[in-house]
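K.L.:
Structure for this input, please:
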Amino acid sequence: MGDRGLLIEFGDEISREINEKVRRMALVVRAEVREGIVEVVPTYRSLLIIYNPLLLPFEDLKKRLKRIEEGLRQTPLPEPKLTRIPVVYGGIYGPDLDEVAKYRQISPEKVIQLHCSKPYLIYMIGFMPGYPYMGELPEELVTPRLKTPRLVVPKGSVAIAQRQTGIYSMESPGGWQILGQTPVELFDPGKDPPALLQMGDLVQFYPISEKEFKEWAF
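P.N.:
Reported below is the predicted structural model:
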């Protein structure tokens, strides 16, 4: 990836096993290969390493990474933290709820029940600061993206696309199906860490009323 980046690809699909390898590799690189490493960027299935070639030549980095990969199975992952996220579903907060129900041939109430039925693994943080990509959705809820993305998606929107679910941490364009909205602040640059949710942790959604949403938000 240019003269300062090295990309390690562990697979070509959304898979917990592949994602665990990415997370293990990121942990070890951050802990053991400090000199010359500028940034480590984990994703669903790959790990981008930005480095300083004047301090850490490419071939040296490549050899060290290969040695690390051989011992990845012995690298423990931290216990995942579970965060419960309140969501007001439907109406102006979830403009696609009824369409998702129609597409899946189930009731809106069933869509909500399914979306709240299990904790989701945070596969990665990306797209915008603090945005969690999570999965996988129950099979009965798998739904394609919108044919035409919205120019504006409100901050806190909880949405789905294919087998994934996510939360828009700030206002932006977006093409996912919006089921609801959370009053929880996902990104605050004044905090450490600034993102509420972290890769490898778990999220469990639960429904709240519009009244609870407004009281929470203000």
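K.L.:
So what touches the lengthiest helix in the chain?
P.N.:
Longest helix of the chain, by residue count under DSSP state H: helix 16-32. Contact partners of helix 16-32, identified using CB atoms under 8 Å, 6 or more residues apart in numbering, comprise 8, 10-11, 37, 40, 42-47, 49, 65, 68-69, 72, 75, 77, 121, 123-124, 199-200. C-betas here are computed from N, CA, C, even on glycine.
K.L.:
Point out the ones among the residues you listed that are inside strands.
P.N.:
8, 37, 40, 42, 46-47, 49, 121, 123-124 (DSSP state E).
K.L.:
I'd like to know which of these is nearest to residue 2.
P.N.:
The nearest member of those to residue 2, counting by CB to CB, is residue 49 at 11.7 Å.
K.L.:
For that closest one, give me its contacts.
P.N.:
Going by CB under 8 Å, 6+ apart, residue 49 touches 5-8, 29, 37, 39-41, 61, 65.
K.L.:
Filter the contacts of helix 16-32 down to just the buried residues.
P.N.:
Neighbour counting with 16 or more other CB atoms under 10 Å marks 8, 10, 37, 40, 42-47, 49, 65, 68, 72, 121, 123-124, 199-200 as buried within the contacts of helix 16-32.
K.L.:
quick one: the residue of the chain most remote from its centre and residue 5, what's the gap?
P.N.:
The centre of the chain is farthest from one residue, residue 54, which by CA atoms, centre = their mean lies 33.3 Å away. To residue 5, residue 54 is 15 Å away according to CB to CB, to the nearest Å.
K.L.:
Ok, residue 212 next?
P.N.:
Counting by CB to CB - residue 212 and residue 5 are separated by 45 Å.
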